[in-house]
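A.B. asks: any chance you could fold what I've pasted below:
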Amino acid sequence: MDIAKQIVDQRVMGLIKDNPAMFAEQDENKNISKAFLLLGVSAYLDIEIAEAEQYLTDGGNDGGFDAAYIVEGSDMQLNVVLFQSKYTHNLAKDSNFPANAVEKAVNTVSCVFDPTSQIMLNERSLEKVNEIRSFILDGRIPYVTFVMLNNGLEWNEDGQNHIDNKFKNQEQVHFVHFNHEGIVKFLNRNKSITTQLSLSGLAVQENFNYKRVVLGKVTVSEIHKLMKEYGDSLLEKNIRRYLGKNAVNTGIINTLLDPIKNQNFFFYNNGITLVCEKMSYNALQQQNWIMKLEGLQIINGGQTCKTIFQTLEEHPQIDFINVYVLVRIYEVGDEENIIQDITYATNSQNPVDFRDLKSNDEKQILLETSAKELGYIYKRKRDGSSLANTIPSTVAAEAVLSVWQNMPHIARYRKNDLFDCYYEKIFTDLNAAQMILAVQIFRYCDAMRKKSSDDAEIASFRSFETHFMAKIVGKMLLDKNNLAIDEVNHKNFHALTTDFDSNNEAFFTQGERMLCLMLKDYLGEDDLHQLDGRTIAAPFRRYDMIVRYIDNVKWWKAYMTK
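C.D. replies: Below you'll find the predicted structure:
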């Protein structure tokens, strides 16, 4: 039996055991399937289990996708990652991802990303589709990665035919297979990598400030070999997520596949930056060095490496022997601060996810310590833990930006920027009491979002409201206690949490009525339930909703005194 399957199955069972509230189905198989989906989404997106749950859509009428991750990209791009999951309970069985499921996924993409198409969906799937379509109607160009997740083999030829018949020449859609082997690599990602890298031709080596630097070139086939063996474990310190094809990656692909342009790929690409703890090679050899690299990590150029790997995998018939890419190799020992500084500097032109980079920041360490004093576990680093009753720093950042920093629209749609552009705004002068209270409010509002409402108007916007409702409820709690946010601390923390626990339902009910009035006024419509989801979703991306209503003292007081 496949050991990787057994490891994943053990982790699935552990998830269910550790998080009983998350797996409340009477059907054990459904709980197992959900746990596997959560584990797969968490591994593929490199996020916490607790964060992954918010992207799940599985259930009846899910539209052919079980989870959806949506994030704004640069240059009017919209990056969307969809998941379809198939878990085989018989671990001795080794079957392909079903061709009919691939066909359904192909049809899903055709429907979801065409705002004129009609599709029957459950509430959570409809929320995601309405978000996507609202972005598209605003002019965003979607780039879609559809992840086929299972604990078996890739789809067969029939499945590939379904994809090729519809999307063979479509640069915006990319189908990938991710299974138990990829999940295990993710779970074991902290292992140090020692390997060889073959440079081509002459290279430059220099000692500088007690460190060593090598500049040279390698064939793209060498990068493909490296990625095939180690995969994403090479990118642990890289601060970008690979979300499939986009405008930049498509340009790389087109250059690689052009028999004339690919000869100059070395000049077109910015290259790849690697760090290692130790490097060695035959210095008596003038060229074509074989570098032995210990503790290897790719800190810049992860997108390039992943794109090279995908392209060469999909086109094994093409000879890339004369296609080269620039590499910079820094021997920096185990000096984590230097690695972080290099990572930040080499990625600063288009940062994506700086959580790991900031995890050793003094602000994060102090939050971890002070949260523990209040009886909570704050996770400033990813540690592979699956418990949902802790507070990951990503959840804290999203909650604080929504509840206390007046940016619920940013917290929802710009998650990749929370530890970069908005890091100082979120974490400067933030104490543990403020952070935990924000998370409690945010999680309560998010839990309420998942419940149905008998009020047709509230039901029309409830699925989009979490971040704005968290802002409203937080303001109500402070107003009730006649406090400003900078007055919240460990001394009044327990009194405030008790007050919130006692009155959260009342706060939430009143807040939803308030939000209903805001939307009616903002959209100029008296009957919200008559509007489609795309129209309802749009105001939740607008800052002027906050300025016109929540921050408008006159409007707020007029409503609260009714």
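A.B. asks: give me the contacts around the helix or strand where F461 lies.
C.D. replies: F461 is part of helix 456-461, with elements assigned from DSSP states H and E. Helix 456-461 is contacted by residues 452-453, 512, 515-516, 519, 527-529, 531, 533, 536 when judged by C-beta atoms under 8 Å, 6 or more residues apart in numbering. From N, CA and C alone the C-beta is placed, and that goes for glycine too.
A.B. asks: at 6 Å what do you get?
C.D. replies: Residues outside helix 456-461 that contact it (C-beta atoms under 6 Å, 6 or more residues apart in numbering) are 453, 512, 516, 528-529, 536.
A.B. asks: just stretch 261-277 next, same as before
C.D. replies: 217, 255-256, 293-301, 323-334, 339, 346.
A.B. asks: helix/strand/coil for T116?
C.D. replies: Using DSSP: H, G, I helix; E, B strand; the rest coil, the three-state assignment for T116 comes out as coil.
A.B. asks: coming back round to it: name the residues of the helix holding F461 that are buried.
C.D. replies: 457-458, 460-461 (16 or more other C-beta atoms under 10 Å).
A.B. asks: if we can go back for a sec, drop anything exposed from the contacts of stretch 261-277.
C.D. replies: 217, 255-256, 293, 295-301, 323-332, 339, 346.
A.B. asks: re earlier: possible to save the contacts of helix 456-461 as TSV with distance to K128 and neighbour count?
C.D. replies: Converted to TSV, the contacts of helix 456-461 look like this (distance: C-beta to C-beta, whole Å; neighbours: other C-beta atoms under 10 Å):
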residue	distance to K128	neighbour count
S453	19	15
E512	21	22
C516	22	17
L528	20	19
H529	20	13
I536	14	23
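A.B. asks: now go through those and say which are in helices.
C.D. replies: Counting by DSSP state H, the part of the contacts of helix 456-461 found in helices is 512, 516, 536.
A.B. asks: sorry, back to before: ok, the buried residues of helix 456-461 vs A43, which is closest?
C.D. replies: F461 (32.6 Å; C-beta to C-beta).
A.B. asks: any idea of the pLDDT on the closest one?
C.D. replies: On pLDDT, F461 comes in at 90.
A.B. asks: now swap in G524 and tell me
C.D. replies: 86.
A.B. asks: how close does it get to L531?
C.D. replies: According to C-beta to C-beta, to the nearest Å, G524 stands 11 Å off from L531.
A.B. asks: so which of the two has more stuff around it?
C.D. replies: A direct count of neighbours by other C-beta atoms under 10 Å for G524 and L531 places L531 higher, at 15 against 6.
A.B. asks: pull the contacting residues for that one.
C.D. replies: With C-beta under 6 Å, 6+ apart, L531 has no contacts at all.
A.B. asks: excluding covalently adjacent residues, which one is nearest to G474?
C.D. replies: Distances taken as C-beta to C-beta, 6 or more residues apart in numbering place V403 nearest to G474, at 3.9 Å, with adjacent residues excluded.
A.B. asks: surely the one you found and K475 touch.
C.D. replies: No: applying C-beta atoms under 6 Å, one finds V403 not in contact with K475, separated by 8.4 Å.
A.B. asks: where along the protein do the strands fall?
C.D. replies: 67-72, 77-86, 141-150, 173-179, 194-198, 204-208, 211-219, 272-276, 278-280, 290-294, 297-300, 324-331, 378-379, 391-392 (DSSP state E).
A.B. asks: and N122, which of these is closest to it?
C.D. replies: strand 67-72 (12.2 Å).
A.B. asks: packing partners of the closest one?
C.D. replies: Here strand 67-72 touches strand 77-86, going by 3 or more C-beta pairs under 6 Å, 6 or more residues apart in numbering; DSSP states H and E.
A.B. asks: give me the distance from the strand it packs on to the chain's centre.
C.D. replies: 11 Å (C-alpha atoms, centre = their mean, to the nearest Å).
A.B. asks: please write out the alpha-carbon positions of it in PDB.
C.D. replies: This file holds the C-alpha atoms of strand 77-86, laid out as PDB (Å, rounded to 0.1, in the frame of the first residue of the first chain):
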ATOM      1  CA  GLN A  77      -6.200  40.400 -13.400                       C
ATOM      2  CA  LEU A  78      -8.400  38.200 -11.200                       C
ATOM      3  CA  ASN A  79      -6.700  35.000 -10.000                       C
ATOM      4  CA  VAL A  80      -9.200  32.200  -9.300                       C
ATOM      5  CA  VAL A  81      -8.300  28.700  -8.000                       C
ATOM      6  CA  LEU A  82     -11.100  26.200  -8.100                       C
ATOM      7  CA  PHE A  83     -10.900  22.700  -6.500                       C
ATOM      8  CA  GLN A  84     -12.800  19.500  -7.200                       C
ATOM      9  CA  SER A  85     -12.000  16.700  -4.800                       C
ATOM     10  CA  LYS A  86     -12.400  12.900  -5.000                       C
END
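A.B. asks: name every strand pairing with that strand and say which way it goes.
C.D. replies: strand 67-72 (antiparallel), strand 141-150 (parallel) (DSSP bridges).
A.B. asks: ok, which of the ones you listed comes nearest K379?
C.D. replies: strand 67-72 (20.1 Å).
A.B. asks: quick revisit: hey, least reliable of the strands paired with strand 77-86 by pLDDT?
C.D. replies: Among the strands paired with strand 77-86, strand 67-72 carries the lowest mean pLDDT (a mean of 89).
A.B. asks: to the chain's geometric centre, what's the distance from that strand?
C.D. replies: 8 Å.
A.B. asks: contact partners of that strand?
C.D. replies: So strand 67-72 is contacted by 41, 45, 55-57, 79-83, 128, 131, 413, 416 (C-beta under 6 Å, 6+ apart).
A.B. asks: kindly report the domain assignment for this protein.
C.D. replies: 3-187, 194-352, 357-560 (automatic domain parsing).
A.B. asks: lowest-confidence stretch among these?
C.D. replies: domain 194-352 (a mean of 83).
A.B. asks: look at the residue nearest to K358 when sequence neighbours are not counted and say how many residues are nearby.
C.D. replies: Spatial nearest neighbour of K358, excluding adjacent residues (C-beta to C-beta, 6+ apart): F419 at 5.1 Å. By the measure other C-beta under 10 Å, the count of residues near F419 is 25.
A.B. asks: from what I can see F419 touches D361, true?
C.D. replies: No: F419 lies out of contact with D361 (C-beta under 6 Å); the separation is 9.4 Å.
A.B. asks: list the contacts of G60.
C.D. replies: Contacts of G60 by C-beta under 6 Å, 6+ apart are N122.
A.B. asks: relative to F464, how far out is it?
C.D. replies: 21 Å.
A.B. asks: F500 too?
C.D. replies: 23 Å.
A.B. asks: would JSON lines of the strands of the chain with distance to Y444 be doable?
C.D. replies: Output for the strands of the chain, formatted as JSON lines (distance: least, C-beta to C-beta, whole Å):
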{"stretch": "strand 67-72", "distance to Y444": "23"}
{"stretch": "strand 77-86", "distance to Y444": "27"}
{"stretch": "strand 141-150", "distance to Y444": "30"}
{"stretch": "strand 173-179", "distance to Y444": "33"}
{"stretch": "strand 194-198", "distance to Y444": "47"}
{"stretch": "strand 204-208", "distance to Y444": "53"}
{"stretch": "strand 211-219", "distance to Y444": "50"}
{"stretch": "strand 272-276", "distance to Y444": "42"}
{"stretch": "strand 278-280", "distance to Y444": "50"}
{"stretch": "strand 290-294", "distance to Y444": "48"}
{"stretch": "strand 297-300", "distance to Y444": "39"}
{"stretch": "strand 324-331", "distance to Y444": "46"}
{"stretch": "strand 378-379", "distance to Y444": "19"}
{"stretch": "strand 391-392", "distance to Y444": "14"}
